[in-house]
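Student: need a 3D model of the following:
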Amino acid sequence: MTAPSPSPGRARLADVLRELKDRTGLSLAGLAARTTFSKSSWDRYLNGRTLPPRDAVRELCRLAGEPEGRCLALWEIAESEGSGRAAERAGPVTRPAPPATPPETAPTGGRHPAPEYSAHRRATLAAVLASVSAVIVGALAAVVLLLPGRDGGPGAALSPPPSATGPRCRGAVCEGKSPMHMKCAAAPQTLAAYRTATGAWLELRYSHECGTSWARMWGTRIGDRLEMSAAPRAGAAGGRVRGVRIEDGVDADSYVYTPMTAAAPGSVVRACFDPAAGGGEECFDSRIAR
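Tutor: Sure, this is the predicted structure:
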């Protein structure tokens, strides 16, 4: 019996993972020895027969020296296809639906103030710089520990700084920053989802840990644009408008996120999609449950 073909998202992810494996120069047995996954598991992951766990993608990125952001975005697309989220019917969808969600309406005219668009390509550079910074900090910590303390012992009065495992910012400090790099996208709540007339999917996201909201899109075309903002209540003036644009084919094949904006429970978060193909702006919103 012939095995079913992998979904487009899983096939695309497998292509990228094979490229990373080739970059490492490791065999399947070598991957198994250097990671927590077996040789047979890697064979399935790299051939697209099975969607790899998120941790497997991260471990391969680490071995290949590849910033994990793009690969994890491809993994989310493949995972959404497998879970059926990418096959939901068109139109506004709210999940979960807060009791006080206002009706979804399009704007009656005019456009949002010009947003500060995120430089999508800076995401990869930021990840590389963060890795280099971590190495430097680790080296400095090792030197400090070897310095003599007040009582003559090595580093007797000093201890290494604790590692940051949780979100890297909170509230206003996160304003305009990436939800992925600030670790606010680890377990976010999906406030609402919407499928546009061009077939693109949009979601409004919220992180209780960071106190921020953002929007993301996939299934897009080069030139598509997404803007979002948060207001204390429906109809009130919102804060900074955050936006992102699909710049190239890599963006179009991935999840693309707007920068974050601070948002509190009870706030109304609004997103507007402007397709490159024309046809008019499409907006939807949702309230953050208290």
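Student: poorly predicted segments of the stretch 1-150 of the chain, please.
Tutor: Within the stretch 1-150 of the chain, the stretches with pLDDT under 70 are 1-4, 82-150.
Student: hmm, I was thinking of the stretch 151-290 of the chain
Tutor: For the stretch 151-290 of the chain (pLDDT under 70), the answer is 151-165, 238.
Student: regarding residue 63, what is its secondary structure?
Tutor: Three-state call for residue 63 (DSSP: H, G, I helix; E, B strand; the rest coil): helix.
Student: list the contacts for it?
Tutor: Applying C-beta atoms under 8 Å, 6 or more residues apart in numbering to residue 63 gives the contacts 20, 24, 26, 31, 34, 35. Heads up, the C-betas are built off the backbone N, CA and C, glycines and all.
Student: quick one: which of those has the most company?
Tutor: Neighbour tally across the contacts of residue 63 (other C-beta atoms under 10 Å): the maximum, 23 neighbours, falls on residue 31.
Student: which stretch of helix or strand covers it?
Tutor: Using DSSP states H and E, residue 31 sits in helix 28-34.
Student: after that helix, next one along is what?
Tutor: With DSSP H and E, the next secondary element past helix 28-34 is helix 39-46.
Student: what comes up buried for that following helix?
Tutor: Buried residues in helix 39-46, counted by 16 or more other C-beta atoms under 10 Å: 41, 42, 45, 46.
Student: now for that helix, which elements pack on it?
Tutor: Judged by 3 or more C-beta pairs under 8 Å, 6 or more residues apart in numbering; DSSP states H and E, helix 39-46 is in contact with helix 8-24, helix 28-34, helix 54-64.
Student: CA atoms of that helix as CSV?
Tutor: Extracted C-alpha coordinates of helix 39-46, given in CSV (Å, rounded to 0.1, in the frame of the first residue of the first chain):
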residue,chain,number,x,y,z
LYS,A,39,17.9,7.2,13.3
SER,A,40,14.5,5.9,12.1
SER,A,41,12.7,8.9,13.4
TRP,A,42,15.1,11.3,11.5
ASP,A,43,14.5,9.2,8.4
ARG,A,44,10.7,9.8,8.6
TYR,A,45,11.1,13.5,9.4
LEU,A,46,13.5,14.2,6.6
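Student: now that helix against helix 8-24, angle please.
Tutor: Counting by axes from the mean of the first three to the mean of the last three C-alpha atoms, to 10 degrees, helix 39-46 lies at 120 degrees to helix 8-24.
Student: tilt between helix 39-46 and helix 54-64?
Tutor: If you take the same axes, to 10 degrees, helix 39-46 sits at 90 degrees to helix 54-64.
Student: list the contacts of helix 39-46.
Tutor: 14, 17-18, 21, 28-29, 31-32, 35, 37, 50-52, 56.
Student: please repeat the previous calculation with a cut-off of 10 Å.
Tutor: Residues from elsewhere that reach helix 39-46, judged by C-beta atoms under 10 Å, 6 or more residues apart in numbering: 10, 13-15, 17-18, 20-21, 26-33, 35, 37-38, 49-53, 56-57, 60.
Student: buried among these? Make that a PyMOL selection.
Tutor: Restricted to buried positions by 16+ other C-beta under 10 Å, the PyMOL selection for the contacts of helix 39-46 reads:
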select buried, resi 10+13+14+17+20+21+26+31+32+35+37+50+51+52+56+57+60
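Student: other SSEs contacting the helix holding residue 31?
Tutor: If you count contacts as 3 or more C-beta pairs under 10 Å, 6 or more residues apart in numbering; DSSP states H and E, helix 28-34 packs onto helix 8-24, helix 39-46, helix 54-64.
Student: ok, 6 Å please
Tutor: helix 39-46 (3 or more C-beta pairs under 6 Å, 6 or more residues apart in numbering; DSSP states H and E).
Student: what's the domain layout of this protein?
Tutor: Domain ranges of the chain: 8-86, 90-122+171-287, per automatic domain parsing.
Student: may I have the phi/psi pair for residue 171?
Tutor: Backbone geometry at residue 171, expressed as degrees, to the nearest 10, gives phi 60, psi -130.
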